[in-house]
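J.: What follows is a protein structure lacking sequence information:
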């Protein structure tokens, strides 16, 4: 995203108050994925255990209260502590809490407190989509200003420990400082400081750092092989074919393709539409892979997010076991894509830092 310029007047004051976090979309995705996963896991657990009542007698401790506790923990963490991992953990635990809270939406909107209110999944779907669209618009409707790049540089400096900074954090800060206002004294001061910062810990690297280095080294080797791109394309194309085949054979035509259609309801049609959207992103990823690995990975990631946030939700109303199995598989694939995106982003950041154009 290209840097914009600070506007004047009221808009400038607004921008200086609401400084956008460049990591916000990643954290939003963690929040939404953990929310949807929590809803599906709660529904599966309740169905398998016969909907037990926690409390006994006249008491019933609804899991909405545990959801409120999760959101409270996330808020307190953000108020009390600083750092990248606090932000990501708060996004996760806040998402779990919100999922447990919104799962009981049927009780909120019906006179008889009906947890099994049929349109509940539709309402939850609308809420998740609105959250995503509103946040996406706020974060991407305009380029980051010079002030925002400078403030995010300071935010990344929270990872500074014991006279050293993680290598990828230092590279990101250097890029953001080049997009900041060169006439700002803080930009000049930070640029000089970052140039002198050591990126190697004085002590032996910890287990996590060694693991990251090991995985990154093998990623670089893996993507350079001639088999990587075809196999990655094949994996997602096969997944798309299997998913669409399931919808046609198990949902739309349960009696076989020669029989009459099942007369799909809202959940079935929503599942079909979300699967088509996911397939569209997969096809884009296949087309992009030869030109830009990072762009292709992001298309595949969007396909998995659509699958997790939409397809699995509606699949749950049709086939609970299939939804949970698909959710676990999709979360594993999403984690692998996150690793690929992180590795490719580090490569492109290194090229930008050294003055070479990224892929």
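T.: Arrived safely, thanks for sending. These numbers come from a predicted model, not from an experiment.
J.: Which parts of this protein are strands?
T.: Using DSSP state E, the chain contains no strands.
J.: Check it for its longest helix and report it.
T.: Selection of the longest helix in the chain by residue count, based on DSSP state H, yields helix 320-353.
J.: Show me what that helix is packed against.
T.: Judged by 3 or more CB pairs under 8 Å, 6 or more residues apart in numbering; DSSP states H and E, helix 320-353 is in contact with helix 24-49, helix 167-178, helix 207-223, helix 293-306, helix 312-316. In this view, the C-beta of every residue, glycine as well, is placed from N, C-alpha and C.
J.: in it, what's buried?
T.: 323-324, 326-327, 330-331, 333-334, 337-338, 340-349, 352 (16 or more other CB atoms under 10 Å).
J.: What of stretch 173-190?
T.: So stretch 173-190, judged by 16+ other CB under 10 Å, has buried residues 173, 174, 176, 177, 179, 180, 181, 187, 190.
J.: next one: it to chain centre, how far?
T.: 29 Å (CA atoms, centre = their mean, to the nearest Å).
J.: Let me see the mean pLDDT of that stretch.
T.: For stretch 173-190, the mean pLDDT works out to 90.
J.: Start at 602, not 1
T.: Sure, I'll start numbering at 602, so the last one becomes stretch 774-791.
J.: Okay, now that stretch: how far is its last residue from its first?
T.: Stretch 774-791 has its terminal residues 9 Å apart, counting by CA to CA, to the nearest Å.
J.: repeat for stretch 777-785
T.: 13 Å.
J.: which residues touch that stretch?
T.: 604, 623, 745, 747-748, 750-751, 753-754, 757, 788-789, 791-792, 795 (CB atoms under 8 Å, 6 or more residues apart in numbering).
J.: can you redo the helices and strands packed on helix 921-954 as TSV with distance to residue 878?
T.: Below are the helices and strands packed on helix 921-954 laid out as TSV (distance: least, CB to CB, whole Å):
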stretch	distance to residue 878
helix 625-650	16
helix 768-779	31
helix 808-824	27
helix 894-907	5
helix 913-917	12
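J.: coming back round to it: for the contacts of stretch 777-785, which one is nearest residue 646?
T.: residue 623 (36.6 Å; CB to CB).
J.: The closest one: how many residues sit nearby?
T.: 18 (other CB atoms under 10 Å).
J.: now residue 830
T.: Residue 830 - counted by other CB under 10 Å - has 15 other residues nearby.
J.: quick one, helices of the stretch 652-801 of the chain?
T.: For the stretch 652-801 of the chain, the helices defined by DSSP state H, counting those that start in this stretch cover 664-681, 685-703, 706-710, 721-741, 747-757, 768-779, 786-797.
J.: With respect to residue 899, which of these lies nearest?
T.: helix 721-741 (13.0 Å).
J.: residues in contact with that closest one?
T.: 602, 621, 625-626, 629, 633, 636-637, 640, 703-704, 706-707, 710, 867-868, 871, 910-911, 914-915, 917-918.
J.: how about a cut-off of 7 Å?
T.: 621, 625-626, 629, 633, 637, 640, 703, 706-707, 867, 910-911, 914-915, 918 (CB atoms under 7 Å, 6 or more residues apart in numbering).
J.: What of stretch 882-889?
T.: Contacts of stretch 882-889 (CB under 7 Å, 6+ apart): 834, 837, 838, 841, 896, 897, 900, 901, 903, 904, 907.
J.: Just the buried residues out of these, in PyMOL syntax.
T.: Selection of the buried residues among the contacts of stretch 882-889 in PyMOL, burial being defined by 16+ other CB under 10 Å:
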select buried, resi 834+837+841+896+897+900+901+903+904+907
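J.: Just name the lowest-scoring one in the contacts of stretch 882-889, pLDDT-wise.
T.: residue 841 (84).
J.: so that one sits right up against residue 878, yeah?
T.: No: assessed by CB atoms under 7 Å, residue 841 is found out of contact with residue 878, at 11.5 Å.
J.: what about residue 727, how many neighbours?
T.: 11.
J.: what do you get for residue 644?
T.: Quick note: residue 644 (other CB under 10 Å) scores 19 neighbours.
J.: residues touching it, list them.
T.: So residue 644 contacts residue 917 (CB under 7 Å, 6+ apart).
J.: Please check the contacts of stretch 777-785 and keep the buried ones.
T.: Using 16+ other CB under 10 Å as the burial test, those include 623, 745, 747-748, 750-751, 753-754, 757, 788, 791-792, 795 as buried.
J.: hang on, the earlier thing: may I see the PyMOL selection of the buried members of the contacts of helix 721-741?
T.: To isolate in PyMOL the members of these that are buried, counting by 16+ other CB under 10 Å, one can use:
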select buried, resi 621+629+633+637+640+703+706+707+910+911+914+915+918
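J.: returning to what we had before: need the helices of the stretch 652-801 of the chain in a markdown table with distance to residue 886, can you?
T.: A markdown table is the format used below for these (distance: least, CB to CB, whole Å):
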| stretch | distance to residue 886 |
| --- | --- |
| helix 664-681 | 32 |
| helix 685-703 | 25 |
| helix 706-710 | 34 |
| helix 721-741 | 19 |
| helix 747-757 | 28 |
| helix 768-779 | 24 |
| helix 786-797 | 34 |
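J.: Looking at those, which is nearest to residue 846?
T.: Taking the helices of the stretch 652-801 of the chain one by one with CB to CB, helix 721-741 is closest: 23.5 Å.
J.: Buried ones in that closest one, by neighbour count?
T.: Buried, per 16+ other CB under 10 Å, within helix 721-741: 721, 722, 723, 725, 726, 729, 733, 736, 740.
J.: Would you mind giving me the confidence score for the fifth one?
T.: Predicted confidence (pLDDT) at residue 726: the value is 76.
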